[in-house]
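Peer 1: no sequence for this one, just the structure:
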């Protein structure tokens with residue numbers, strides 16, 4: 001997966017290199033993007049202070065938005081069991 005300056009991101013199939021999905025829910029730079037250890041969730045942190053969470057098992061449907069950050073999202077990490085996300 002790769003994030004873009006304009007707030008979008010793209011996910012590629014690692015076997016074929018083909019695009020799986022491209023989405024854009026933000027206007028500012030994507031600061032970090034990470035799959036959960038289970039591979040089910042994708043967290044996308046942006047410079048407009050939000051983290052969007054997508055379900056990879058449902059064609060990357062956005063299933064949550066983490067709000068309330070006071071600054072850019074520059075780093076994020078999943079817990080080992082994929083249940084918690086920290087920024």
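Peer 2: On my side now, so go ahead. Given the structure is predicted, the values throughout are model-derived calculations rather than measurements.
Peer 1: can you pull out the strands in this protein?
Peer 2: For the chain, strands defined by DSSP state E occupy the ranges 2-3, 8-12, 19-24, 30-35, 41-46, 51-55, 61-66, 77-78, 85-86.
Peer 1: give me whichever of those is most buried.
Peer 2: Mean neighbour counts were taken over the strands of the chain using mean count of other CB atoms under 10 Å, and the top value, a mean of 23, falls to strand 41-46. Where you see a C-beta, it was placed from the backbone N, CA and C, and this is true even at glycine.
Peer 1: against residue 22, how distant is the residue most central in space within the chain?
Peer 2: The centre of the chain sits closest to residue 44, judged by CA atoms, centre = their mean, with a distance of 2.1 Å. From residue 44 across to residue 22, the span is 12 Å (CB to CB, to the nearest Å).
Peer 1: kindly report the same for residue 47.
Peer 2: For residue 47, the distance to residue 22 - CB to CB - is 19 Å.
Peer 1: same question for residue 63.
Peer 2: 18 Å.
Peer 1: hmm, what's the outermost residue in this protein?
Peer 2: For the chain, the largest distance from the centre (CA atoms, centre = their mean) belongs to residue 16, which lies 21.1 Å off.
Peer 1: what does stretch 4-20 contact?
Peer 2: 1-3, 21-30, 33, 42, 44, 46, 48, 56, 60 (CB atoms under 8 Å, 6 or more residues apart in numbering).
Peer 1: with that, I have no additional questions.
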